[in-house]
Structures are given as structure tokens and as C-alpha cells.
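Trainee: Pasting the sequence and the predicted coordinates here, then a few questions.
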Amino acid sequence: MLRETGEILQIHLDGDWSMSAVAEKLPLLTEGFARIVGSDAAAGQQQCPTDTVPEIDMAGVTEFDACGCQLLALFVCNLKQKGFSSQVVNIPDRLRSRIHFLGFDKELNLLLDV
């Protein structure tokens, strides 16, 4: 799910992000969040510097509804509270339309022309 390449930390989402499967995604996001903002006990610092940009790649998402949108929005908002400015990328058009329809443009840091 997480892959770091220089100053970009890629978070790859895949599969079903609808009500029927979103509960399975929470542990993955929790683990990813901990790896990004968790503290290094020895050094007392965050694992990733705040200039690291978490890039959330949605190319592999097959289903996405309001529940998945809310979970992803909470993840992005929590990253923002910790000083990280994330980017959601590779959003299939049908999912981009759904995000816009559900009103999560701002929460997911999207500028949509839908």
C-alpha cells in the first residue's frame, strides 16, 4: 500500500471502497497513517518530514460510495492536521464525478471541472 520515492510517498488504494467492504480498509489506512506520522521513539521525531507529499493513488479502486469517500476524507483531513499536504491522483472519471456529487471536493483537495 505505501511506497516512498524521494519526497513523494505513494499510497495505492485498490478494490472495493463501498459500504460492503470499507471496514476492511480502515486497518490499512490506520497502518499507513501510523507509518507516515508515527514518531520515532529514539529520536522523538515524525517518521516522515512534513515536506513529504503523500500521494493517494486511486487507479485501482473499483467501487466507491459515500462510506469510502468519508473514510478517505478523514484520512486526508488527519494528514492535514499533522502538517502533510496530500494529493489524490489517478481518479477514474466515474469516481471523480461521484466525489463531486457527494460534496467531498474540498476535503480531498480536488479542483474539479465536472
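Mentor: Arrived safely, thanks for sending. Residues are numbered from 1 along each chain as shown.

Trainee: And the helices in this structure?
Mentor: 22-37, 66-81, 93-102 (DSSP state H).

Trainee: packing partners for the last one?
Mentor: Right, the one you point to is helix 93-102. strand 53-64, helix 66-81 (3 or more Cβ pairs under 8 Å, 6 or more residues apart in numbering; DSSP states H and E). (Glycine included, C-beta is placed from N, CA and C.)

Trainee: now for the ones you listed, which one comes closest to L29?
Mentor: helix 66-81 (4.9 Å; Cβ to Cβ).

Trainee: Please state the offset of that closest one from the chain centre?
Mentor: 7 Å (Cα atoms, centre = their mean, to the nearest Å).

Trainee: send the alpha carbons of it over as PDB?
Mentor: This file holds the C-alpha atoms of helix 66-81, laid out as PDB (Å, rounded to 0.1, in the frame of the first residue of the first chain):
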ATOM      1  CA  ALA A  66     -20.300   7.700   0.400                       C
ATOM      2  CA  CYS A  67     -18.700   5.500   3.100                       C
ATOM      3  CA  GLY A  68     -15.500   5.100   1.200                       C
ATOM      4  CA  CYS A  69     -15.500   8.800   0.400                       C
ATOM      5  CA  GLN A  70     -15.900   9.700   4.100                       C
ATOM      6  CA  LEU A  71     -13.100   7.300   5.200                       C
ATOM      7  CA  LEU A  72     -10.700   8.700   2.600                       C
ATOM      8  CA  ALA A  73     -11.700  12.300   3.600                       C
ATOM      9  CA  LEU A  74     -11.000  11.600   7.200                       C
ATOM     10  CA  PHE A  75      -7.600  10.100   6.300                       C
ATOM     11  CA  VAL A  76      -6.700  13.200   4.200                       C
ATOM     12  CA  CYS A  77      -8.000  15.600   7.000                       C
ATOM     13  CA  ASN A  78      -6.000  13.800   9.600                       C
ATOM     14  CA  LEU A  79      -2.900  14.000   7.500                       C
ATOM     15  CA  LYS A  80      -3.500  17.800   7.100                       C
ATOM     16  CA  GLN A  81      -3.900  18.200  10.900                       C
END
